[in-house]
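[1] just coords:
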């Protein structure tokens with residue numbers, strides 16, 4: 001486990017979605033490696049232009065939903081994800097982006113990102129499920 005100085009570099013941020021703790025009168029926070037994981041989820045789930053003060057933030061995966069899925073699109077998606085991480089997540093270095101299309105007929109791509117945390121030289125991976133269809137049959 002990294003020491004305190006290294007952990008501070010990894011950062012601390014609001015949990016997502018934000019959760020307000022009434023009794024403690026504060027916002028729930030995430031830090032360290034968990035904060036990096038949440039940051040990746042936010043980055044991949046945000047469309048460019050969605051954030052008013054940071055119009056270049058995001059990945060625009062939604063724009064690819066109706067494209068014909070082939071090796072060329074797979075390579076394009078991989079490059080788009082790596083570029084978004086390089087520009088917007090300086091704490092990590094993307095090593096490999098693997099797009100698993102074995103669930104394509106169920107309307108889902110599994111995006112696996114292998115990355116290196118720069119300050120600790122630790123390797124991790126994140127699997128991000130990207131759904132090609134809206135969740136219309138959700139039960140509450």
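    It's in. Since the model is a prediction, treat every value here as computed from it, not as a measurement.
[2] can you give me the strands for this structure?
    12-14, 20-21, 26-27, 29-31, 92-100, 108-117, 122-131 (DSSP state E).
[3] So what pairs up with the nearest residue to residue 102 once chain neighbours are set aside in the strands?
    Distances taken as CB to CB, 6 or more residues apart in numbering place residue 110 nearest to residue 102, at 7.7 Å, with adjacent residues excluded. C-beta here means a position set from N, CA and C on the backbone, and glycine is covered the same way. Here residue 110 shows beta-bridge partners residue 100, residue 129, assigned using DSSP bridges.
[4] and stretch 79-86, which residues are buried?
    80-82, 84-85 (16 or more other CB atoms under 10 Å).
[5] Let me have those in TSV, extended by distance to residue 106 and pLDDT.
    Shown next, in TSV, are these (distance: CB to CB, whole Å; pLDDT from 0 to 100):
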residue	distance to residue 106	pLDDT
80	22	94
81	21	95
82	25	96
84	25	95
85	26	95
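[6] For residue 47, state which of the residues you listed is nearest.
    Checking the buried residues of stretch 79-86 against residue 47 by CB to CB gives residue 84 as the nearest, at 11.3 Å.
[7] quick one: the closest one and residue 48, what's the gap?
    9 Å (CB to CB, to the nearest Å).
[8] Overlap of the contact sets of the two?
    Residues touching both residue 84 and residue 48 by CB atoms under 8 Å, 6 or more residues apart in numbering: 58-59.
[9] hmm, back to that, residue 41: which of the strands of the chain is closest?
    Per CB to CB, nearest to residue 41 of the strands of the chain: strand 122-131, 6.8 Å.
[10] Give me the contact list for the longest helix anywhere in the chain.
    The longest helix of the chain (DSSP state H) is helix 71-88. The contact list for helix 71-88 (CB under 8 Å, 6+ apart) reads 40, 43-44, 56-61, 64, 67, 92, 94, 97-99, 101, 109, 111, 113, 115.
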